[in-house]
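Asks: Following is a predicted model, sequence given first.
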Amino acid sequence: MNKVRGRALNANTHNTNNFSLWIEPLSHKQYPVTDVVNPTNKAIITSDGTRNTVIAKPGLTYNDVTIDISGAVNPSRWLTGQTINTVFLDASDSLLNHRVTDASGITNGVIASYNYTPKSTNSKIIVEYGSLYSIEGNSTGGTDEIESQIKVGGTTIARRVQRFPNVSGGGTRGSTIFPICGAITNTVNLNARTITVELVSATDAVIIYKANYDAFMKVTEIAL
């Protein structure tokens, strides 16, 4: 009889111990997910406010999805036409290396230069430059002409010409030299490319102004 009683007590103790083993996870762990609404591959999972139901929405194809990122996004691939990088410099920025002209002006030479490093080897680099300028002298005695260019690594990507014929109504007859814009394709490497804005030739001297609001260069790299 004592053996039977001992076995019964041991069984009760054993059951109690087993109960303590399986009850703890339920009291301290999350309940398992039992219902997924609109299941799909590569989904963003959000809760509907209960512990056992989640809602799956297909990633970024939904316009009501918001992603909060505390760090920086650094992609290595882009869709065609997407902006990869943009740089904007005004005339007072030291990176632009903008030329200072005195009151006598210049007739040729580099006006501004900037070293741009591409972020992709399958992109188009768009360069825009604008400047306040004035032209000395007048058109007496012939046809005055001024030409400007943008070059990237020595390759001309944009050209503008301004003319002043010495005839009746002989105002500006041609595209003005600024603003000027051009583009070049980059499929080679990620080495820095030297961008220059130049006066190729001018019959009369040109004065280029350099206040921060007088001139700018904008470089935009887009994916191909």
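Replies: In hand now; what should we look at?
Asks: Please report phi then psi for Ser94.
Replies: The phi and psi values for Ser94, taken as degrees, to the nearest 10, are phi -60, psi -30.
Asks: Neighbours of it, how many?
Replies: Per other Cβ atoms under 10 Å, the neighbour tally for Ser94 reads 7. Bear in mind the C-beta positions are built from the backbone N, C-alpha and C, glycine included.
Asks: same check, this time on the one 4 residues further on
Replies: Here the neighbour count serves as a burial measure; for His98 (other Cβ under 10 Å) it reads 28.
Asks: pretty sure it is in a helix, no?
Replies: No - read with DSSP: H, G, I helix; E, B strand; the rest coil, His98 is coil and lies in no helix.
Asks: Tell me where the protein has helices.
Replies: 2-28 (DSSP state H).
Asks: Ile180 contacts Ile146, correct?
Replies: No - here Ile180 does not reach Ile146: they are 11.9 Å apart, not a contact under Cβ atoms under 8 Å.
Asks: Show me which of the two is the more surrounded one.
Replies: Ile146 (25 against 20).
Asks: Spit out the contact partners of the more buried one.
Replies: When contacts are counted by Cβ atoms under 8 Å, 6 or more residues apart in numbering, Ile146 touches 135, 161-163, 177, 199, 201-204, 206.
Asks: What of Asn97?
Replies: 112-114 are the contacts of Asn97 under Cβ under 8 Å, 6+ apart.
Asks: List the contacts of stretch 185-198.
Replies: 108-125, 127, 129, 148-153, 180, 184, 217, 219, 221, 224.
Asks: Would you show me how to pick out the buried ones of the residues you listed in ChimeraX?
Replies: Here is the ChimeraX command that picks out the buried ones among the contacts of stretch 185-198, judged by 16 or more other Cβ atoms under 10 Å:
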select :111,112,113,114,116,118,119,120,123,124,125,127,129,148,149,150,151,152,180,184,217,219,221
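Asks: contacting residues for the closest residue to Ile84 other than its chain neighbours?
Replies: Leaving aside its sequence neighbours, Ile84 sits nearest to Glu221 (Cβ to Cβ, 6 or more residues apart in numbering; 4.4 Å). Applying Cβ under 8 Å, 6+ apart to Glu221 gives the contacts 83-86, 118-120, 123-126, 186.
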